[in-house]
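> Sequence plus predicted model, see below.
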Amino acid sequence: MSRAPASPPSDVHARQVVFRVRGATKVYPMGEVEVQALRGIDLDLYAGEFTVLLGPSGSGKSTLLNILGGLDQPTGGSVFYRELELSGASNRQLTQFRRHAVGFVFQFYNLIPSLTAWENVSLVTEVASDPMSPLEALRLVGLEDRRDHFPAQLSGGQQQRVAIARAIAKRPDVLLCDEPTGALDALTGITVLEAIQRINTELGTTTAVITHNAAIGEMSDRVVTIRDGRVAEDRRVAVKTPVAELRW
Amino acid sequence: MQTLNRKLIRELRHTRGQSLAIAAVVASGVAVFVMALGTLGTLRSSRDAYYERYRFADVFASLRRAPTAILPRIATLPGVARVQTRIVSDVTLDVPELDEPAVGRLISLPEVGEPVLNAVYLRRGRLPEPGRASEVLASEAFVEANTLDVGDTLQAVMNGRLQELRIVGVAISPEYIFQLRGGDLLPDDRRFGVFWVSQRQMEAAFDMEGAFNDVSLRLAGGARSEPVIEALDRLLKPYGSIGAIDREDHVSARFVADEIKQLRATAVVAPSIFLGVATFLLNVVLSRQIGTQREIIATLKAFGYSDAAVAWHYLKSAILVALFGAVLGAAGGLYLGRGLARLYAEFYHFPSLISRIDWRIVLAGVSLSVLAAVAGSYRAIYQVMRLMPAEAMRPAAPARYRQSWLERLGLTPWIPLTARMVLRGLQRRPLNSLLSSLGISAAVAVLLVGNFAPDALDYLLEFQFERAQRHDVQVAFYEVASPSAAYDLRHLPGVQTAETFRAVPVKLRFRHRSYRTSIMGLGQRRDLYRLLDVDGRAIPLPPAGLVLSDKLAELLAVREGETVTVEVLEGEEPVREVVVSGLAVEYAGTTAYMDRQALHRLMGEADTLNGAFLAVDPGQLETLYRELKETPQIASVAVKSATVEQFRETVAKNQLTMQSFMVFFAAVIAIGVVYNTARISLEERSRELATMRVIGFTRSEVSAILLGELAVLTSLAIPLGWAIGYGLCYAMVRGFETEMFRIPLVIHPESFAFAALVTVLAAAASGFWIHRQIGQLDLVAVLKSSE
Ligand SMILES: Nc1ncnc2c1ncn2[C@@H]1O[C@H](COP(=O)(O)OP(=O)(O)OP(=O)(O)O)[C@@H](O)[C@H]1O
Ligand SMILES: [Mg+2]
């Protein structure tokens, strides 16, 4: 609790804190043994910031992101989304939080197979408070001409872009992506990352992306490395590289 | 293989709700099967042992009077093994606490030793002592119905004289398992009882020294009854026999045989339905379950497991579930069957119940269900065999969806997204959707089958005993009476109307078929005893022809307009050709009807009558009964309300016990099917449902999708189930039909509603369960895997 998070760069110091994580731990009881997925995370994420989370497999990245997104709750410590304490929120509050504030993008897209691209996006806009039109969201990811295609009729990269459109259509406050390019080849991965970056810059959405590809860190504002359930390194990127120039 | 078994056990545990539901359906089927067949076996063997031990005869004849001197002539007829002659006479009884007169059938017992045939089993008390007049054995059914016992006395009018009968023992006999007189449809144990009296006393009371009026025969091994009956009839004709009958036509024996026949219908039809549904459920569940395991299967095969090994893996789980259900069901069926058999034994007054567990039935039930499991898995297993291992290498085959036809009609904008998901989900697997719906409709159908019997019985009673027969009391005279007797009846207290009848025993012949029954001669102006057509309209009696009950016409295979031969079995015994000029709908009995005057002409007799139907002022019934008791010419008084009550007690009670079991099992099926359908849908869609939860949909919004699917399937299933159920009820009705009783196919709207309601409730309970499960979906797990 008392430990200060890795100090943020001074020029963003004045910006609002979106997520405030203090001493977050996560323990999975597995019968006799316990798995310590998070061993005390301290982290602040700022409004409009593009953060990349790096770290070896099993280090706890997904666990952290899921807690930030209200899919899971920490075992100990506190996690705040602005004024809302996620670590103590009820199921209903978490659902409302996800519904209105969070956009998710997953490694395996998780589109609804029985709905078309346009309908997958509508699914979210129909229940959001101030959404953009589904078509606008699809346009942001360059897929407006595929609006009537079912997921099965789209390539993996296109499906992931639909998933991004679905995530951002409600104009979420935060966009959380867990290995969004994990199932894609490099070239397709780039189009997906471009879409995410565009959302971040054009809409100012606070964005966190998990990846195994350190190079992707160069397109972000900040690279946080998780190791063994702790924040091992928190680095600001001095010069953002355009996605197209990244080397994988 | 070890690991595969572990997978099997873990998955069975994971899907235990589903497995239990299937096992419950299998168990229900096996339970009904074992219960019904077990009861049937117990009844059959108890009856056969009873007949054997107490030497129930094969051929029966009654006559006016024959000298015992002809006994050797009977005994030496070819095919006859043993002969028993008796004196049998019906008398009017005055039973304490019974307003109306009852009828007692007195049967002579040999002075020493046991009867050669038709022995009695003494329940309690002792046999009448030879010297002592007035001592009798009374039948158990009569004693119980009238709450009498050893030591009680009754008054009887014997040969015109009032005599006392003292009950010294209570007995039963294979001849009167059901106490029925010829022509009776139903036993009425309060008003008709059997009594055994010593031979000498019977001889004295009825002036029958050195004579008999009843003979029973035991056939020699291998002898057929027809030639014996023919020879016996020739021999006894001069002595006033109206013709011998064999066991098949013996009223009590036939009644028992009919009951057994009906039980057999239940034993065959019901379990077939249940096991059919179970097969079908396994089919749906397994093929959908295997559908969700495609990748696992392909991976196993890629690792070198043989087709057979993989197929056996899935077959094993089906067999395990079926076996579990079958064993449970067999145990339950044996337990219920034992209870039911005890109930029947009490009802039939068997001396002992021969009930041993027939392992063949248990084995058959268990094998049938395992067979059902294998048959049910066939389609699914076949799909496994066909699956190419390459499919595991590729990323998950994406589900192919299309716009549903409703949407293609241009209705899209009005269909909410969640509804579209439901429609497309159903349409993507039309066969599975149809099968699920069929499964639910099977439940609806079984519920209807389990519940329709009371409706049919209500209709039968209403039609037969309210719309057709509207009298209150039927009286019969000992002897054929003159029309003045009708006048006397009309002036008895409380009698509002009296409609007289003439009943004549006959044998009807048409082509090679013949049937023994009686012709009722009825007056033209009738209001109390009506003949009705299919639509319930009264049929007038033709001036000369016969009106047959529809069942009688069916038995003779005769149609309206054709001519039958009437052989009268009374008086001058004329033989006449009479045209069948109409058919009357009757659900009980096989009587022929004729205009009374026409019947007199056929008989060549003057205006006579045997009895009358009376409409009575209910307030004066008691007075009337008292009066009737003191009228010596009256042989019997049948009170219709008592008959109907008796009917409800007998036929209805047995059938209803069985039916209530059926309804219970049907409800199990309903729940089993609906729950499974819901469960599979949840399994298949858990990924997309969890995804929806992740992106912020509430639990209710997500459940709505599955509940919508369930609602569509259920609402399709209900009308379908009604239709299937109607067909099954028809099959049951055919199985229940006997010569004496036909069950009409009548199902009240309430029963349709009940079947639907139970199904909807089962659906609602499953829906509630889904709603809860959706709250417990593991949101994080879903994001970790690709499918
Ligand atoms: N449901 C669970 N039950 C038990 N342990 C779990 C569960 N989920 C995660 N873990 C454990 O928590 C630790 C962190 O897992 P997490 O998924 O956060 O890792 P990660 O950093 O996302 O790894 P990867 O890069 O491979 O996705 C791991 O050791 C994992 O085994
Ligand atoms: Mg991860």
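Everything's here; your move. Quick caveat, the model's predicted, so the values are computed rather than measured. Residues are numbered from 1 along each chain as shown, chains lettered A, B, ... in the order given. Ligands and ions are numbered 1, 2, ... in the order given.
> Please enumerate the helices of the stretch 201-350 of chain B.
Applying DSSP state H, counting those that start in this stretch to the stretch 201-350 of chain B gives helices spanning B:225-236, B:251-291, B:294-302, B:307-348.
> JSON lines please, covering those and showing distance to B:A606 and mean neighbour count.
C-beta: built from backbone N, CA, C; applies to glycine. Converted to JSON lines, the helices of the stretch 201-350 of chain B look like this (distance: least, Cβ to Cβ, whole Å; neighbours: other Cβ atoms under 10 Å in any protein chain shown):
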{"stretch": "helix B:225-236", "distance to B:A606": "28", "mean neighbour count": "17"}
{"stretch": "helix B:251-291", "distance to B:A606": "31", "mean neighbour count": "22"}
{"stretch": "helix B:294-302", "distance to B:A606": "90", "mean neighbour count": "18"}
{"stretch": "helix B:307-348", "distance to B:A606": "45", "mean neighbour count": "20"}
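> and those helices, which one is worst for confidence?
Sorting those by mean pLDDT places helix B:294-302 lowest, at a mean of 69.
> As TSV, the helices of the stretch 201-350 of chain B with distance to B:A670 would be great.
What follows is those, written out as TSV (distance: least, Cβ to Cβ, whole Å):
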stretch	distance to B:A670
helix B:225-236	49
helix B:251-291	10
helix B:294-302	30
helix B:307-348	16
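> Compute the distance between the closest residue to B:S173 other than its chain neighbours and A:G182, please.
Excluding its sequence neighbours, the residue lying closest to B:S173 (Cβ to Cβ, 6 or more residues apart in numbering or on different chains) is B:V120, at 4.7 Å. Per Cβ to Cβ, to the nearest Å, B:V120 is found 91 Å from A:G182.
> B:T631 now?
104 Å.
> How about the secondary structure of the spatially most central residue of chain A?
Closest residue to the average C-alpha location of chain A: A:L176 at 1.2 Å, with Cα atoms, centre = their mean. Recorded secondary structure, A:L176: strand (DSSP: H, G, I helix; E, B strand; the rest coil).
> So in terms of bridging, what pairs with it?
Using DSSP bridges, the beta-bridge partners of A:L176 come out as A:F104, A:A208.
> quick one: contacts for it?
A:L65, A:L68, A:G69, A:V102, A:G103, A:F104, A:V105, A:T207, A:A208 (Cβ atoms under 8 Å, 6 or more residues apart in numbering or on different chains).
> how about those residues, which pair is most distant?
Spanning the widest gap among these are A:L68 and A:V105, at 13.4 Å by Cβ to Cβ.
> Can you pick out the residue with more neighbours from these two?
Neighbour count, other Cβ atoms under 10 Å in any protein chain shown: between A:L68 and A:V105, A:V105 has more, with 27 against 23.
> Looks to me like A:T51 is in a strand.
Yes - counting by three-state DSSP, A:T51 is part of a strand.
> Compute the number of surrounding residues for B:S352.
Count around B:S352 with other Cβ under 10 Å applied: 11.
> which SS class is the residue nearest to it when sequence neighbours are not counted?
Leaving aside its chain neighbours, B:S352 sits nearest to B:S46 (7.0 Å; criterion: Cβ to Cβ, 6+ apart). Under three-state DSSP, B:S46 falls in the helix class.
> Distance check, B:S46 against A:T211.
81 Å.
> With B:A373 instead?
49 Å.
> ok, these two, which is more surrounded?
Between B:A373 and A:T211, B:A373 has the larger neighbour count (other Cβ under 10 Å), namely 28 against 23.
> can you tell me which residues contact the more buried one?
B:V26, B:A278, B:T279, B:L282, B:A318, B:I319, B:V321, B:A322, B:L323.
> Could you report the neighbour count for the closest residue to B:V327 other than its chain neighbours?
With Cβ to Cβ, 6+ apart as the criterion, B:V327 has its nearest non-adjacent residue at 7.0 Å, and that residue is B:V366. Neighbours of B:V366 under the rule other Cβ under 10 Å: 21.
> and the angle for the helix or strand containing B:V366 with helix B:307-348?
Using DSSP states H and E, B:V366 sits within helix B:359-386. Orientation check (axes from the mean of the first three to the mean of the last three Cα atoms, to 10 degrees): helix B:359-386 against helix B:307-348 gives 150 degrees.
> How much space separates the closest residue to A:N110 other than its chain neighbours from A:F106?
In this structure, A:N110 finds its nearest non-sequential neighbour in B:T691, 4.3 Å apart by Cβ to Cβ, 6+ apart. Separation of B:T691 from A:F106 (Cβ to Cβ) stands at 8 Å.
> So between the two, which is more surrounded?
Remark: of B:T691 and A:F106, B:T691 carries more neighbours, 27 against 23, as counted by other Cβ under 10 Å.
> quick one: is the helix or strand where that one lies near ligand 1?
Here B:T691 sits within helix B:653-694, counting by DSSP H and E. No - counting by Cβ under 6 Å from any ligand atom, ligand 1 is not contacted by helix B:653-694; separation bottoms out at 13.8 Å.
> Give the next helix or strand downstream of that helix.
helix B:699-736.
> nearest to chain A, of the contacts of B:A373?
B:L282 (26.9 Å; Cβ to the nearest Cβ).
> Next, please give the residue ranges for the helices of chain A.
A:61-68, A:91-101, A:117-125, A:134-140, A:156-168, A:186-203 (DSSP state H).
> Count the neighbours of B:I361 for me.
23.
> mind listing what it touches?
B:F33, B:V34, B:L37, B:G38, B:G41.
> Which pair of those residues spans the longest distance?
Counting by Cβ to Cβ, the most remote pair of those is B:F33 and B:G41, 12.0 Å apart.
> Now the helix holding B:V366: buried residues?
For helix B:359-386, the neighbour count (16 or more other Cβ atoms under 10 Å in any protein chain shown) marks B:361-362, B:364-366, B:368-370, B:372-381, B:383-384 as buried.
> One more: stretch B:707-716?
Neighbour-count burial for stretch B:707-716 [16+ other Cβ under 10 Å]: B:L707, B:G708, B:E709, B:L710, B:A711, B:V712, B:L713, B:T714, B:L716.
> ok, now stretch A:131-145?
A:P131, A:M132, A:P134, A:L135, A:A137, A:L138, A:L140, A:V141, A:L143, A:E144.
> can I get those in JSON lines with pLDDT and distance to chain B?
Output for the buried residues of stretch A:131-145, formatted as JSON lines (pLDDT from 0 to 100; distance: Cβ to the nearest Cβ, whole Å):
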{"residue": "A:P131", "pLDDT": "90", "distance to chain B": "12"}
{"residue": "A:M132", "pLDDT": "90", "distance to chain B": "16"}
{"residue": "A:P134", "pLDDT": "92", "distance to chain B": "11"}
{"residue": "A:L135", "pLDDT": "93", "distance to chain B": "15"}
{"residue": "A:A137", "pLDDT": "91", "distance to chain B": "13"}
{"residue": "A:L138", "pLDDT": "92", "distance to chain B": "16"}
{"residue": "A:L140", "pLDDT": "84", "distance to chain B": "17"}
{"residue": "A:V141", "pLDDT": "85", "distance to chain B": "16"}
{"residue": "A:L143", "pLDDT": "90", "distance to chain B": "17"}
{"residue": "A:E144", "pLDDT": "90", "distance to chain B": "18"}
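> Show me how far stretch B:132-144 is from its chain's centre.
Using Cα atoms, centre = their mean, to the nearest Å, the distance from the centre of stretch B:132-144 to the centre of the chain it belongs to is 32 Å.
> near chain A, which residues of the stretch 151-300 of chain B?
On the criterion Cβ under 8 Å from any Cβ of the partner chain, chain A has no neighbours in the stretch 151-300 of chain B.
> Which single residue of the stretch 501-650 of chain B ends up nearest chain A?
Closest contact between the stretch 501-650 of chain B and chain A, by Cβ to the nearest Cβ, is at B:V534 (52.7 Å).
> Now do the contacts for that residue.
Residues in contact with B:V534, defined by Cβ under 8 Å, 6+ apart, are B:V585.
> same deal with B:L185?
With Cβ under 8 Å, 6+ apart, B:L185 has these contacts: B:A588, B:G589, B:T643, B:M740, B:F741.
> For it, what are phi and psi?
B:L185 adopts backbone torsions of phi -90, psi -30, taken as degrees, to the nearest 10.
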